[in-house]
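*Asks:* 3D model of this:
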Amino acid sequence: MAEKIKIDGHLYDRLRKVSEIAGYTSVDEFVQHLIEKELAAIEAGGGSDADVEERLRGLGYIE
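*Replies:* Here you go, the predicted model:
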């Protein structure tokens, strides 16, 4: 099931540019790959709760 998320316009522009340079077929494909990598790192024991919180903050998921 596909869901939608809101992304700031400036961030989307950056994602679009980088995804094109990296050879992804779409921004959606690029974002999905980034999220899958980050989730795998977290699920593999990517550090303490503080480390996880800082990563999520850096990704813009929490403030």
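*Asks:* so where is this structure shaky, pLDDT-wise?
*Replies:* Counting by pLDDT under 70, the ranges of the chain that qualify are 1, 46-47.
*Asks:* how about a cut-off of 50?
*Replies:* Flagging of the chain using pLDDT under 50 yields an empty set of residue ranges.
*Asks:* Pull up the gap between the most far-flung residue of it relative to its centre and A40, please.
*Replies:* Computed with C-alpha atoms, centre = their mean, the residue of the chain farthest from its C-alpha average is S48, at 19.5 Å. Noted for S48: a distance of 17 Å to A40, by C-beta to C-beta, to the nearest Å. Backbone N, C-alpha and C define where each C-beta goes, glycine included.
*Asks:* now do I62
*Replies:* For I62, the distance to A40 - C-beta to C-beta - is 19 Å.
*Asks:* what do you get for L11?
*Replies:* According to C-beta to C-beta, L11 and A40 sit 22 Å apart.
*Asks:* Next, the buried residues of the helix or strand in which A50 is found.
*Replies:* Per DSSP states H and E: A50 is located in helix 49-58. Neighbour-count burial for helix 49-58, counted by 16 or more other C-beta atoms under 10 Å, picks out R55.
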